[in-house]
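**Student:** the following comprises the amino acid sequence and a computationally predicted model.
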Amino acid sequence: MVIGGIEAGGTKFICAVGDEHGNVTERIQFPTTTPGETMKQVIDFFKKFTLKAIGVGSFGPIDINPASPTYGYITTSPKKKWRNFPMVRTLQEALSVPVGFHTDVNAAALGESAFGAAKGLDSCLYITVGTGIGAGAVISGKLLQGFSHPEMGHLLLRRHPDDPYTGKCPYHADCFEGLASGPAIEERWGKKGSELAGNPEVWELEAYYIAQALMHYILILAPQKIILGGGVMNQKQLFPSIYAKLEKMLNQYLSFPSPLNRYIVPPDLGEDSGIIGSLLLGKQACGAN
């Protein structure tokens, strides 16, 4: 079965062709610009193939309610040119195939659940900390959603007493994303995170906010595995600091199913979590088991 996958990120789009087993045979990547320019590149790529379906893991917020008149839209995105863009309809009209549609982080959670760090478990949480912050959850083998998808990156956190930064989020200022995303790090410290690797105070503050968010997620969802991805998490020195701060915050309130360095982990699929999960969304869209 030939399936298309799209990881539609705020910075870049990755388009791939593969199968229902998560095998990618061809891919392309290009910057996220305007809908007209970006979607032309997407459609031109997929027209070369005979596809059964396409799965899309998209930056959000998006409308995932099939009964809604704006189902398949990117809705109130901070990327203003993409607000109210009909992603699913655009693909269906151009390519005439079923389209599976969910958030990029839910696609990544699906990929890691099926083939990655959470394989064999019936629940996991995937969190990306990068240009934005988002989280997707698989609970009892299914993606978690209610009237919409979770927006865990906009959790309100306690401010660190030594942090005067006002926050980057255009909607909530100092929510989790506003305090700990890549752009927030750059604006607070005056340099990109990749240039600050040797500054321990940067990562102590980052670990404080990530650990605090993890405490909330664990208390509410109790996932069997937590996977931390995204560009910021390439700073591997973050992980030990997160473990230590999380243990202190929880104060022995919970017992974990495994040591923290095996419970909270990087993605096994690396940067492919989202695109492999998007192939699985395509598989679901065409009704394949």
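**Tutor:** All right, it came through fine.
**Student:** spatially central residue in this structure, please.
**Tutor:** Val105 (2.4 Å; CA atoms, centre = their mean).
**Student:** thought that residue was touching Thr128?
**Tutor:** Yes: between Val105 and Thr128 there is a contact at 5.5 Å, judged by CB atoms under 8 Å. Where C-beta positions appear, they are placed from N, C-alpha and C, glycine not excepted.
**Student:** any shared contact partners between these two?
**Tutor:** Gly134, Ala135 (CB atoms under 8 Å, 6 or more residues apart in numbering).
**Student:** got the contact list for Leu246?
**Tutor:** Taking CB under 8 Å, 6+ apart, one finds Ala211, Leu214, Met215, Leu260, Ile264 in contact with Leu246.
**Student:** try Thr25
**Tutor:** Applying CB under 8 Å, 6+ apart, the residues near Thr25 are Ala16, Val17, Gly18, Asp19.
**Student:** show me which of those residues is closest to Pro86.
**Tutor:** Among those, Ala16 lies closest to Pro86 (CB to CB), at 22.1 Å.
**Student:** that's a strand at that closest one, yeah?
**Tutor:** Yes: secondary structure assignment (DSSP: H, G, I helix; E, B strand; the rest coil) places Ala16 inside a strand.
**Student:** quick check: pLDDT value at it.
**Tutor:** Listed pLDDT for Ala16 reads 98.
**Student:** from Gln284, how far off is Val24?
**Tutor:** In this view, Val24 and Gln284 are 17 Å apart by CB to CB, to the nearest Å.
**Student:** how much space between Ala16 and Val265?
**Tutor:** Distance from Ala16 to Val265, by CB to CB: 24 Å.
**Student:** circling back to that earlier point, next up, the contacts around the residue nearest to the centre of the chain.
**Tutor:** Taking CB under 8 Å, 6+ apart, one finds Gly57, Tyr126, Ile127, Thr128, Gly134, Ala135, Gly136, Gly274 in contact with Val105.
**Student:** can we see that at 7 Å?
**Tutor:** Applying CB atoms under 7 Å, 6 or more residues apart in numbering to Val105 gives the contacts Tyr126, Thr128, Gly134, Ala135, Gly136.
**Student:** same list (those residues) but as CSV, adding distance to Thr90.
**Tutor:** As requested, those are exported to CSV (distance: CB to CB, whole Å):
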residue, distance to Thr90
Tyr126, 26
Thr128, 24
Gly134, 22
Ala135, 27
Gly136, 23
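**Student:** so which of these are in strands?
**Tutor:** Tyr126, Thr128, Gly134, Ala135, Gly136 (DSSP state E).
**Student:** TSV for these, including neighbour count, distance to Tyr73 and pLDDT?
**Tutor:** Output for the ones in strands among the contacts of Val105, formatted as TSV (neighbours: other CB atoms under 10 Å; distance: CB to CB, whole Å; pLDDT from 0 to 100):
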residue	neighbour count	distance to Tyr73	pLDDT
Tyr126	33	23	98
Thr128	27	21	96
Gly134	27	17	94
Ala135	30	21	96
Gly136	32	19	96
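**Student:** my read is that Cys286 contacts Gly55, right?
**Tutor:** No: under the criterion of CB atoms under 7 Å, Cys286 makes no contact with Gly55, lying 9.5 Å away.
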